[in-house]
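In: Give me the fold of what follows.
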Amino acid sequence: MMGKKALDAAQVFIDDMQLHGQLTPEEFLQQREAILDRLFPTSQLMPGAEKLIKHLHAHKVPIAVATSSHRRHFDVKTQQHKQLLQLFDLVVTGDQVTKVRVWLKFVV
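Out: Below is the predicted model:
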């Protein structure tokens, strides 16, 4: 649930799935983190992504990653791709930005 704090999103999930009394938002987040920590390290690139990134870099086209993921999640997801990430000019994660429109105006 993009745009919501993790605890608020967990509460919405519990409400929508009618899990009251079975799972607290905190328990949900704890279980979710364990699953993500197991799955994220095996994240693969999308087909063609590496070729595109290398092409853009070779032609000196500035490239950046802007993700709503928190830095910890991003680092776990991309740990197999550190060399490729070095080709990016900028990486911004969701926990680094509080005012998106203001920040984007600064970057652009």
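
In: The residue nearest to the spatial centre of the chain and His57, how far apart?
Out: For the chain, the residue nearest the mean C-alpha position is Ser69 (2.4 Å; Cα atoms, centre = their mean). Noted for Ser69: a distance of 22 Å to His57, by Cβ to Cβ, to the nearest Å. Yep, even glycine has a C-beta here, placed from its N, CA and C like the rest.

In: can you give me the helices for this structure?
Out: Under the criterion DSSP state H, helices of the chain are mapped to 6-16, 25-39, 49-58, 71-77, 82-85, 100-107.

In: Indicate which one of those is closest to Thr93.
Out: Thr93 lies closest, by Cβ to Cβ, to one member of the helices of the chain: helix 71-77, at 4.4 Å.

In: What sits closest to Ser43 if chain neighbours are left out?
Out: Lys77 (4.5 Å; Cβ to Cβ, 6 or more residues apart in numbering).

In: Against Phe40, how distant is that neighbour?
Out: Look at Lys77 and Phe40: by Cβ to Cβ, they are 5 Å apart.

In: do the same with Asp89
Out: 24 Å.

In: got the CA coordinates for stretch 72-83 in CSV?
Out: The C-alpha coordinates for stretch 72-83 follow below in CSV (Å, rounded to 0.1, in the frame of the first residue of the first chain):
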residue,chain,number,x,y,z
ARG,A,72,17.5,-1.7,3.7
HIS,A,73,15.1,-3.4,1.4
PHE,A,74,16.8,-1.9,-1.7
ASP,A,75,20.2,-3.0,-0.5
VAL,A,76,19.0,-6.6,0.1
LYS,A,77,17.2,-6.7,-3.3
THR,A,78,20.2,-5.4,-5.2
GLN,A,79,23.0,-7.2,-3.4
GLN,A,80,23.7,-9.4,-6.5
HIS,A,81,23.8,-6.3,-8.8
LYS,A,82,26.3,-4.0,-7.0
GLN,A,83,28.6,-3.6,-10.1
